[in-house]
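Fold the following.
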Amino acid sequence: MNGNLKSALKRSGDNMDKEVKKYIEYLILVGDKTIKYYKKRLNTNYTLHLLYSKLGNNEEVLVHGLKRFNSDDGSVSDIQMARFQQQWHSSCDYLKQSLFQLDRINETFYVHYPCIASLAKNRRELSGNINSFGLTHCRLKKICRGIVKKWPNFGLYLVSRLMMLVLANHMRGCAITVDDGARTKALCNQAFIESHYLAKNNKNMHSLMIYVALCSASGERKFLQRRWFETLLDLQVNDGYFDGAIGRRYRHCAVNSIAEIWKFIPIDLMKWDVEQFTAVSLAALSSAVRYIVQGQEAEIGREIGGNVSAISTVKAVGNVSTTSTSTVKPYGGYAPPGLEYL
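Below you'll find the model as predicted:
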């Protein structure tokens, strides 16, 4: 990354905005310091010794984690799968509606990019738990809140909804709605059905791994399905990256029902596919490794500020009392079917 930043600065530095140039120089400086720090301290033999000693001291936890990981939890009923499949006439129709999203809603799909960027402008809260009333509301435009509340509940629209919730709750420590936790759980339940559809029909491992990465980061252990990761590892090439080959598998769709979409596809689609797929695959794999090593559902969720777990446990979300007289649900409040969030 530092090499790319230095090349960009050398190539276009004179034409850059002063603030942008200053920020890139700062990133390069921090990156160089980080590289030097770890280069001095990462002695391979010492690191391996430390790793083995830690695993040895927690052998029971590791064995328990492996056993749990080897037994896939969570399934989708035939009725749920049938209802999902009824939405699509063919694999090309699924591609058009779920991957490229041209005509589902009035707002342009790409509005979510500036909305995600605007989340970064929120000051990071160093305490608070999304299962409590402690989070402040994120500063966002109305159209950005509409993404989380109203967009369709499949494909890249669902990815955008989940991404905004995860980024807000776990990275900024702020809330987009008054019931982010319950909303995230309901959306992940919908994503779980679509994930099984993707895995069963060998449709799109790229989207599947995005769901795994986002929902496991929110504490949904059921997304850590061993067979999905086995399929994923088969897609890893000798150079180490992952090749999902979305473009190659769906190129035949260009000659029939969705020919119009290809004019929007950049020439470097294959490169984009590989880079994006590798990134989300590594994020998903890191959740699986963390779960195995730590052996607790309570540790899947990302911590906010290092103080408290962002998600106490997966089960805790469903055990929040629904008998409260308050008209506002706590973040993570349980809503049995969750349909009002979809």
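
what helices or strands is the helix ranked longest in the chain leaning on?
For the chain, the helix with the greatest residue count under DSSP state H is helix 269-294. Using 3 or more Cβ pairs under 8 Å, 6 or more residues apart in numbering; DSSP states H and E, the elements in contact with helix 269-294 are helix 59-70, helix 205-217, helix 226-234, helix 246-250. Where you see a C-beta, it was placed from the backbone N, CA and C, and this is true even at glycine.

can you give me the angle it makes with helix 226-234?
Put simply, helix 269-294 runs at 130 degrees to helix 226-234, going by axes from the mean of the first three to the mean of the last three Cα atoms, to 10 degrees.

what angle sits between helix 269-294 and helix 205-217?
Going by the same axes, to 10 degrees, helix 269-294 makes 30 degrees with helix 205-217.

Report the buried residues of helix 269-294.
The neighbour-count check on helix 269-294 (16 or more other Cβ atoms under 10 Å) flags 273-274, 276-278, 280-281, 283-285, 287-288, 290-293 as buried.

can you pull the contacts of Met81?
193, 196-197, 200 (Cβ atoms under 8 Å, 6 or more residues apart in numbering).

now the longest helix of the chain: mean pLDDT?
Here helix 269-294 scores 77 as its mean pLDDT.

I'd like to know how far Pro152 sits from Gln190.
10 Å (Cβ to Cβ, to the nearest Å).

typo on my end, Thr136
Using Cβ to Cβ, we find Thr136 at a distance of 27 Å from Gln190.

What of Cys174?
Cys174 sits 24 Å away from Gln190, going by Cβ to Cβ.

With Asp78 instead?
Separation of Asp78 from Gln190 (Cβ to Cβ): 17 Å.

the more surrounded of those two?
Gln190 (21 against 7; other Cβ atoms under 10 Å).

Quick check: chain neighbours aside, which residue is closest to that one?
Nearest non-adjacent residue to Gln190, counting by Cβ to Cβ, 6 or more residues apart in numbering: Asn153, 4.9 Å away.

for that neighbour, phi and psi?
With angles defined as degrees, to the nearest 10, Asn153 sits at phi -110, psi 50.

same thing with Pro152?
Torsion angles, degrees, to the nearest 10, at Pro152: phi -60, psi 160.

now do Trp88
According to degrees, to the nearest 10, Trp88 has phi -120, psi 140.

pretty sure Gln276 contacts His206?
Yes - in this structure, Gln276 is within contact of His206 by Cβ atoms under 8 Å, at 6.7 Å.

Any stretches of the stretch 151-300 of the chain with poor pLDDT?
Within the stretch 151-300 of the chain, the ranges that satisfy pLDDT under 70 run 202-203, 244-273, 294-300.

got any ranges where the stretch 1-150 of the chain has weak pLDDT?
Using pLDDT under 70, the stretch 1-150 of the chain drops low at 1-9, 11-13, 19-20, 23, 31, 34-74, 91, 99-110, 125-135.

one step back: shared neighbours, Pro152 and Gln190?
Leu158.

can you pull the contacts of the nearest residue to Leu235 once chain neighbours are set aside?
Leaving aside its chain neighbours, Leu235 sits nearest to Phe242 (5.1 Å; criterion: Cβ to Cβ, 6+ apart). Counting by Cβ under 8 Å, 6+ apart, Phe242 touches 232, 235-236, 274, 277-278, 281.

Show the backbone phi and psi for Phe242.
phi -110, psi 130.

Please apply the same query to Asp179.
Main-chain torsions, Asp179, degrees, to the nearest 10: phi -140, psi 50.

Strands along the protein, start to end?
Using DSSP state E, the strands found in the chain span residues 136-137, 174-175, 303-304, 308-309.

Tell me where the stretch 51-200 of the chain has helices.
59-70, 78-85, 91-94, 112-119, 142-150, 155-166, 180-200 (DSSP state H, counting those that start in this stretch).
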